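Novice: coords below, sequence missing:
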């Protein structure tokens, strides 16, 4: 058994890597190490999760020193013992509409379809990790007689509950989503429920067995969650939702082991600034508006502040100053009218936007469809309740500008990065190519990730396919085409592309204010500088 290796992923995540193999024993060691770290309950630890062959620990570098995290990880690895998971039976219908690729798998394996089903259902599968989407279990190993390659072109829509095979792994799609695995069957078991503890039915280290059945009712797995009901009266009414407006807060920590992304506001600095202006906790729920177009009618009087992008906020046609607590009388209309700088504005109301907390957060998870207002963007006619302010309404204040941070420029931003954790999987010249190239944010960008385009592709070394690993917000993924992907707040918790570098936490607000067509450049910096910049920003 080799000695585990520590790698930094930016200034706030450590990755402990074990042997570079997909193996039940190695994975069990990672799962046991993650559990041992959680049990230590160290202050400043935000999230701990095991992947196929590593442990990722996200932490607050202003609360706990990197060395303490590293020491805790190494001690946990030395002391870890295998954890006994549960045994879970999953009923499944095979073939036909439920498993449209079963015949293809059978033909490739030179077997009858019934024999493929028997081979798939004749064993207990180890749950290596949960990722891709919340609740998706990576199970294995599949019999080498029925292993199947991923599809060259992924399907755009795989129904919830579908059972797939990819190589020596099998898994279950918890919700309808795109997917490239070979589809052999389907279950009606609900793999993910945010109202359940833990939310993912299958947890890392569990053992899963498929039980073939002739018929299942899939109506229940397709049923959505009940719409949010508010006990408090509506304070704001959405009269125009804009391009994309959602309820966001500081994010959903502690559930990545179930495949749940952290999410939350892309610009955490603007979130905190808007909340402080109206007397809220800095992490309270606000509205995140992307580009102009949002229009709100005040059903009751309230105190409001806008921070982040300057999108031409007005109240009844008069300019609404940025970063200021403003009394909004009942019957007034607040609009975001024009982009002057930045991309995302944050609208805080004294008391905070009142929606039910899901897994400890009010943030909208657009991909998984929960949190915020029924897990979706706002639409015309939505009515928003507001919590009760903690104290008297703050006095009106003077604005301090639109929140354009140092490092940004007209139509773009220069972001500082720390190398790794997978930079050794790229050719040596990739570092220089990253910092010498001005990239463009493409239209194929969203809250999950920005796809960037540059004139010089970043090339992989010929070291074989990478084992999927933990991702981090700000990570710069490099797919085989060499055009980097900047991971943002709604990133998936695991990914199969190497992370060449990671944007420092202090510069993530700059990245949050980019839009398609903007430019972005990268500049290496030291870890000490990254933590110092974060400390300076936290006190600003």
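Specialist: That came through, no problem. None of these values were measured; they are calculated from a predicted model. Numbering: from 1, shown residues only.
Novice: Where do the helices of the protein begin and end?
Specialist: 24-40, 66-79, 102-109, 113-120, 219-222, 268-277, 429-436, 508-512, 527-538 (DSSP state H).
Novice: Check the offset of the first one from the chain's centre.
Specialist: Think helix 24-40. 22 Å (CA atoms, centre = their mean, to the nearest Å).
Novice: Please renumber the chain so that the first residue is 45 from this point on.
Specialist: Happy to do that; since the first residue is 45 now, the last one works out to helix 68-84.
Novice: coming back round to it: how about CSV for the helices of the chain, with mean neighbour count and distance to residue 306 added?
Specialist: All C-beta spots, glycine's among them, are computed from the backbone N, C-alpha and C. Formatted as CSV, the helices of the chain follow (neighbours: other CB atoms under 10 Å; distance: least, CB to CB, whole Å):
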stretch, mean neighbour count, distance to residue 306
helix 68-84, 20, 17
helix 110-123, 16, 17
helix 146-153, 17, 36
helix 157-164, 19, 34
helix 263-266, 12, 26
helix 312-321, 25, 11
helix 473-480, 16, 25
helix 552-556, 24, 12
helix 571-582, 16, 17
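Novice: mean pLDDT for these: which is lowest?
Specialist: Of all those, helix 263-266 carries the lowest average pLDDT, namely a mean of 75.
Novice: which other helices and strands contact it?
Specialist: Counting by 3 or more CB pairs under 8 Å, 6 or more residues apart in numbering; DSSP states H and E, no packing neighbours are recorded for helix 263-266 among the helices and strands.
Novice: Next up, the contacts around the spatially closest residue to residue 52 that is not a sequence neighbour.
Specialist: Nearest residue to residue 52, sequence neighbours excluded (CB to CB, 6 or more residues apart in numbering): residue 464, at 5.8 Å. Neighbouring residues of residue 464 by CB atoms under 8 Å, 6 or more residues apart in numbering: 51-53, 543-546.
Novice: got it, and residue 430?
Specialist: Contacts of residue 430 (CB under 8 Å, 6+ apart): 276, 279-280, 346, 393-398.
Novice: Equivalent analysis for residue 79, please.
Specialist: Going by CB under 8 Å, 6+ apart, residue 79 touches 124, 127.
Novice: picking up where we left off before, now the contacts of residue 464 in CSV, please, with extra columns for distance to residue 239.
Specialist: Formatted as CSV, those follow (distance: CB to CB, whole Å):
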residue, distance to residue 239
51, 36
52, 36
53, 31
543, 33
544, 38
545, 38
546, 33
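Novice: can you tell me which of those residues are in strands?
Specialist: Judged by DSSP state E, those include 51-52, 543-546 as members of strands.
Novice: mind listing what residue 412 touches?
Specialist: Residue 412 touches 177-178, 219, 236, 238, 304-305, 419, counting by CB under 8 Å, 6+ apart.
Novice: what two of the contacts of residue 430 are the furthest from one another?
Specialist: Greatest spatial distance among those (CB to CB): 276 and 394, at 13.4 Å.
Novice: Between those two, tell me which one has more neighbours.
Specialist: Using other CB atoms under 10 Å as the criterion, residue 276 and residue 394 rank with residue 394 on top: 27 against 12.
Novice: Show the contacting residues for the more buried one.
Specialist: Residue 394 neighbours (CB under 8 Å, 6+ apart): 322-324, 346-348, 369, 430, 433, 437-438.
Novice: now do residue 523
Specialist: Here residue 523 is in contact with 529, 541 (criterion: CB under 8 Å, 6+ apart).
Novice: What pLDDT does the model give it?
Specialist: pLDDT, residue 523: 91.
Novice: gap between it and residue 137?
Specialist: Remark: distance between residue 523 and residue 137 (CB to CB, to the nearest Å) = 35 Å.
Novice: now residue 202
Specialist: Applying CB to CB, the value for residue 202 to residue 137 is 15 Å.
Novice: Would you confirm that residue 159 contacts residue 150?
Specialist: Yes. Counting by CB atoms under 8 Å, residue 159 touches residue 150, with 7.4 Å between them.
Novice: For the residue nearest to residue 317 when sequence neighbours are not counted, grab the count of nearby residues.
Specialist: Once flanking residues are discounted, residue 317 sits nearest to residue 351: 4.2 Å by CB to CB, 6+ apart. By other CB under 10 Å, 30 other residues sit near residue 351.
Novice: Please report how far residue 351 lies from residue 395.
Specialist: Counting by CB to CB, the gap from residue 351 to residue 395 is 17 Å.
Novice: ok, and the closest non-adjacent residue to residue 411?
Specialist: residue 534 (6.0 Å).
Novice: show me the contacts for that neighbour.
Specialist: 305, 307, 409-411, 490-492.
Novice: Read off the pLDDT value for residue 472.
Specialist: pLDDT, read off for residue 472, is 93.
Novice: do residue 285 as well
Specialist: pLDDT, residue 285: 97.
Novice: residues contacting the nearest residue to residue 283 once chain neighbours are set aside?
Specialist: Spatial nearest neighbour of residue 283, excluding adjacent residues (CB to CB, 6+ apart): residue 339 at 4.6 Å. By CB under 8 Å, 6+ apart, residue 339 lies in contact with 282-284, 286, 377-380.
Novice: ok, which pair from the residues you listed is furthest apart?
Specialist: 286 and 377 (13.6 Å).
Novice: quick one, which of these two is more surrounded?
Specialist: Neighbour count, other CB under 10 Å: between residue 286 and residue 377, residue 286 has more, with 21 against 16.
Novice: I figured that one was touching residue 331, is that so?
Specialist: No. Under the criterion of CB under 8 Å, residue 286 makes no contact with residue 331, lying 9.7 Å away.
Novice: Please enumerate the shared neighbours of these two.
Specialist: Counting by CB under 8 Å, 6+ apart, the residues touching both residue 286 and residue 331 are residue 338.
Novice: and residue 75, how far is that from residue 96?
Specialist: The spacing between residue 75 and residue 96, counted by CB to CB, is 10 Å.
Novice: Can you tell me how far the residue nearest to residue 52 is from residue 57?
Specialist: From residue 464 to residue 57 the distance is 10 Å (CB to CB).
Novice: swap in residue 515?
Specialist: Residue 515 is 9 Å from residue 57, by CB to CB.
Novice: Now do the contacts for residue 152.
Specialist: residue 192.
Novice: can we see that at 10 Å?
Specialist: 145, 160, 190-193, 226 (CB atoms under 10 Å, 6 or more residues apart in numbering).
Novice: Now the residues you listed in JSON lines, please, with extra columns for distance to residue 257.
Specialist: Putting the contacts of residue 152 into JSON lines (distance: CB to CB, whole Å) gives the following:
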{"residue": "145", "distance to residue 257": "19"}
{"residue": "160", "distance to residue 257": "16"}
{"residue": "190", "distance to residue 257": "19"}
{"residue": "191", "distance to residue 257": "24"}
{"residue": "192", "distance to residue 257": "22"}
{"residue": "193", "distance to residue 257": "27"}
{"residue": "226", "distance to residue 257": "20"}
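Novice: mind listing which of those residues are in strands?
Specialist: Going by DSSP E, the strands hold residue 226 from those.
Novice: just to revisit the earlier point, out of the contacts of residue 339, which is most surrounded?
Specialist: Going by other CB under 10 Å, residue 380 tops the contacts of residue 339 with 27 neighbours.
Novice: tell me which residues form a beta bridge with that one?
Specialist: residue 357 (DSSP bridges).
Novice: ditto for the one 5 residues further on
Specialist: Beta-bridge pairing of residue 385, defined through DSSP bridges, involves residue 354.
Novice: What distance do you get for it to residue 496?
Specialist: Taking CB to CB, one finds residue 385 at 21 Å from residue 496.
Novice: more crowded one of these two?
Specialist: Ranked by neighbour count (other CB under 10 Å), residue 385 and residue 496 place residue 496 first, with 22 against 17.
Novice: domain assignment for the chain?
Specialist: 49-123, 131-266, 278-430, 452-582 (automatic domain parsing).
Novice: what do residue 515 and residue 57 both touch?
Specialist: Counting by CB under 10 Å, 6+ apart, the shared contacts of residue 515 and residue 57 are 100, 546.
Novice: related to what we said a few turns ago, buried ones among the contacts of residue 152?
Specialist: Among the contacts of residue 152, those classed as buried by 16 or more other CB atoms under 10 Å are 145, 160, 190-192, 226.
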